[in-house]
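**Student:** Below are the sequence and a predicted model for it; my questions follow.
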Amino acid sequence: MIKRIAGGGAPAAQGKIIRMAPKIAYRNLFHDRMSLIVTLVGIVFSVVLVAIEVGLYKGSENKIATVLDKAPADLWIVPFGTKSFDDPSLLIGYEKYAALSTPGVQKAEDMIVSFSSWRKPGGGKKTFILVGLDYANEGTRPWSIEEGGIEDLSLPMAIAMDRSYFKDLGIEKRGDYAEINNQRAQVTAVTKGIRSFTTLPYGFTSISTARKFVGASAAQSTYVLATLQEGADLETVRKALQDRLQGAEVLTHEEFTRRSINYWMFSTGAGLALITGMVLGAIVGIVIVAQTLYASTKDHLNEFATLRALGASASYIHAVILIQALLSAVLGYAAGMLLAMLAIYRLSVRVPTLTIVMTPQIAAYLFALTVGMCIFAAITAIRKVTRIDPAGVFNR
C-alpha cells in the first residue's frame with residue numbers, strides 16, 4: 001500500500017492526502033494554544049509597529065509636500081542649488097517673463113517662500129515660513145481656510161495662520177495683530193490642519209504683501225511655476241527655458257517634490273530613523289514566528305515521519321508548514337491592523353500635530369509583508385523536516 005501511494009499508483013489516495021494538508025496545518029497550529037498565542041503576539045507586534053512607522057513616514061512625506069501638492073505646476077524654476085521647498089532664496093527677478101515668452105508655456109506665476117520672524121503681541125519671537133501666493137492672477141490659492149476668506153488676505157499687511165499654531169504665535173483669534181519682520185500684520189484668515197514637517201507654522205498672504213514683508217522687488221520671487229500648453233513637450237520646453245536662465249534650475253513637479261522629500265527624510269536622518277523602526281519590527285516578527293514554527297514542527301516530527309512513510313512527498317510536508325505560516329499571517333495581520341488603526345486614531349486625537357497616514361495601498365503592502373515574513377520564517381521549519389527519515393516511524 002505504501003509503495004502504491006509513494007509511486008503514484010493510487011491517485012485517489014494522493015488526492016485525499018493533498019486535501020488533508022489544510023486540515024493538518026490547522027490542527028497543528030491550534031493544538032498548542034500557547035504556541036499559537038506567542039506566534040500571534042509576535043506578528044501583531046510587528047504589524048502594529050511597522051504600520052505606525054510606515055504611517056509616520058507617509059505622513060512626513062505629505063507634510064514636506066504640503067504646498068507643492070497644492071500648486072499644480074508642470075515646471076518649477078528654482079534658485080540654483082535649492083535643496084528643498086523649505087530652502088528658500090530669491091531669484092534674480094526676470095524668470096517669470098522668460099517663462100511666459102518661451103514657446104509651449106501657457107502661464108507662469110510667482111511664489112514667495114521665506115523664513116520670517118513673528119513677534120508675538122505679548123513679547124517674544126517665533127520663526128515661521130511665509131508663503132506669498134499670486135492667487136489674484138489665477139495662481140495657487142490658499143486652502144483649508146476655516147475663518148475668513150481669500151478676499152480678507154487682500155487687506156493691507158494681512159496674513160492667514162493655522163489655528164494649531166496659535167499658542168506658539170501668542171495669538172488667540174482671527175483679527176489679532178503681530179509683527180512680521182518688524183512690520184505690523186493682522187491675522188485676517190485662519191486655516192485648519194496645515195502643518196509643516198519642520199514644525200514651523202506656514203503663513204499665507206498675497207504675493208505683493210509677501211514682497212513687502214521680505215523686502216523683495218516687485219519682480220522678484222522665490223519660485224516661478226510654469227504651466228504648459230496642451231500638447232507641449234515637457235522636456236523640450238524645459239531645455240528651452242533652462243537655456244534662457246542663469247543662476248536657476250528648471251525642475252519638473254515630480255523632481256522638485258522628490259528632491260524636497262529626499263532632503264528631509266534622508267539628508268537629515270529623519271527618514272532613516274523611521275525605516276530602522278520598520279526593519280526592527282519586521283525582524284522581531286520573523287524571529288518570533290520562526291521560533292514558534294520550528295518548535296511546532298519539532299513537536300510533530302513523528303507525525304510528519306508517519307506521513308512520509310505513508311507516501312507523502314517532501315513538498316506535501318512543506319505545504320503543511322507553509323499553510324500554517326499563512327494561517328498565522330492572516331490571523332496576526334487581522335488583529336494587528338485592528339490594533340494599529342485603533343492606535344492611529346487615539347494618537348491622532350491626543351496629538352493633533354502628529355500625522356499618521358494609512359491608506360488601502362499601505363494596508364495591502366503590509367499584508368504582503370506579513371505573508372512574506374511568515375513564509376520566510378517557515379523556511380527554518382522546512383529545513384528541519386527535509387532531514388526526516390520515514391523509517392524512523394517504525395522505531396517508535
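**Tutor:** Cool, the structure landed.
**Student:** Which helix or strand contains Thr370?
**Tutor:** helix 360-385 (DSSP states H and E).
**Student:** Just list what that helix packs against, helices and strands only.
**Tutor:** Contacting helix 360-385 under the criterion 3 or more C-beta pairs under 8 Å, 6 or more residues apart in numbering; DSSP states H and E are the following elements: helix 33-64, helix 270-299, helix 301-309, helix 314-350. (C-beta placed from N, C-alpha, C; glycine too.)
**Student:** ok, 7 Å please
**Tutor:** Secondary-structure packing of helix 360-385 (3 or more C-beta pairs under 7 Å, 6 or more residues apart in numbering; DSSP states H and E): helix 33-64, helix 270-299, helix 314-350.
**Student:** Gln183 pairs with what?
**Tutor:** On the basis of DSSP bridges, Gln183 is bridged to Ile180.
**Student:** Test my guess that Lys83 contacts Trp264.
**Tutor:** No - with contact defined as C-beta atoms under 7 Å, Lys83 does not reach Trp264; the gap is 9.0 Å.
**Student:** More neighbours: which of the two?
**Tutor:** Taking neighbours as other C-beta atoms under 10 Å, Lys83 and Trp264 compare with Trp264 leading, 23 against 13.
**Student:** quick one, what contacts the more buried one?
**Tutor:** For Trp264, the contact set (C-beta atoms under 7 Å, 6 or more residues apart in numbering) comprises 64, 84, 197, 270.
**Student:** Val105 too?
**Tutor:** 99, 226, 228-229, 237.
**Student:** And the pLDDT at it?
**Tutor:** Note on Val105: pLDDT of 93.
**Student:** follow-up on the earlier one: sort out for me which of the contacts of Val105 are in helices.
**Tutor:** The helices, defined by DSSP state H, take in 99, 237 from these.
**Student:** Between which two of the contacts of Val105 is the distance greatest?
**Tutor:** Greatest spatial distance among the contacts of Val105 (C-beta to C-beta): Ala99 and Gln229, at 12.1 Å.
**Student:** Settle it for me: which of the two has more neighbours?
**Tutor:** A count of neighbours by other C-beta under 10 Å puts Ala99 above the other of Ala99 and Gln229, at 23 against 12.
**Student:** Settle this for me: that one is touching Arg244, isn't it.
**Tutor:** No - between Ala99 and Arg244 there is no contact, the gap being 8.7 Å when judged by C-beta under 7 Å.
**Student:** Could you point out which residue ranges in the stretch 251-396 of the chain have low pLDDT?
**Tutor:** For the stretch 251-396 of the chain, residues meeting the criterion pLDDT under 70 lie at 293, 296-305, 307-312, 314, 381, 383-396.
**Student:** How is Ala216 assigned, secondary-structure-wise?
**Tutor:** coil (DSSP: H, G, I helix; E, B strand; the rest coil).
**Student:** cool, and Met111?
**Tutor:** strand.
**Student:** ok, now which ones touch it?
**Tutor:** Under the criterion of C-beta under 7 Å, 6+ apart, the neighbours of Met111 are 132-133, 140, 221-223, 225.
**Student:** ok, now Leu90?
**Tutor:** Contacts of Leu90 by C-beta under 7 Å, 6+ apart are 216, 220, 222.
**Student:** So which of those wins on neighbours?
**Tutor:** Top of the contacts of Leu90 by neighbour count (other C-beta under 10 Å): Thr222, with 25 neighbours.
**Student:** Okay, that residue and Gly170: tell me how far apart.
**Tutor:** Here the criterion is C-beta to C-beta, to the nearest Å. By it, Thr222 lies 26 Å from Gly170.
**Student:** distance between the helix or strand containing Asn262 and the chain's centre?
**Tutor:** Here Asn262 sits within helix 253-262, counting by DSSP H and E. Helix 253-262 sits 14 Å away from the centroid of its parent chain (C-alpha atoms, centre = their mean, to the nearest Å).
**Student:** Measure how it sits relative to helix 270-299, angle-wise.
**Tutor:** 80 degrees (axes from the mean of the first three to the mean of the last three C-alpha atoms, to 10 degrees).
**Student:** list the helices and strands helix 253-262 packs on?
**Tutor:** Helix 253-262 sits against helix 33-64, helix 66-69, strand 75-79, with contacts defined as 3+ C-beta pairs under 7 Å, 6+ apart.
**Student:** Pull the residues that contact that helix.
**Tutor:** 61, 64-65, 68, 73-74, 76, 78, 84-85.
**Student:** how about the helix holding Thr370: buried residues?
**Tutor:** For helix 360-385, the neighbour count (16 or more other C-beta atoms under 10 Å) marks 362-363, 366-367, 369-371, 373-375, 377-378, 380-382, 385 as buried.
**Student:** likewise stretch 157-171?
**Tutor:** For stretch 157-171, burial by neighbour count (16+ other C-beta under 10 Å) applies to 157-163, 165-166, 168-171.
**Student:** State the mean pLDDT of that stretch.
**Tutor:** Rounded mean pLDDT across stretch 157-171 is 92.
**Student:** From one end of that stretch to the other, what's the distance?
**Tutor:** End-to-end distance for stretch 157-171: 16 Å, by C-alpha to C-alpha, to the nearest Å.
**Student:** Distance from the chain centre to that stretch, please.
**Tutor:** Relative to its parent chain, stretch 157-171 has a centroid offset of 27 Å by C-alpha atoms, centre = their mean.
**Student:** I'd like to know which of the contacts of helix 253-262 is nearest to Met358.
**Tutor:** Met358 has its nearest neighbour among these in Glu61, at 13.5 Å by C-beta to C-beta.
**Student:** For the closest one, the count of nearby residues, please.
**Tutor:** Using other C-beta under 10 Å, Glu61 has 19 other residues around it.
**Student:** Equivalent analysis for Leu339, please.
**Tutor:** 15.
**Student:** What number of residues are in the vicinity of the closest residue to it other than its chain neighbours?
**Tutor:** Counting by C-beta to C-beta, 6 or more residues apart in numbering, Leu339 lies nearest to Val48, which is 5.3 Å off, once chain neighbours are set aside. Val48 is flanked by 21 other residues according to other C-beta under 10 Å.
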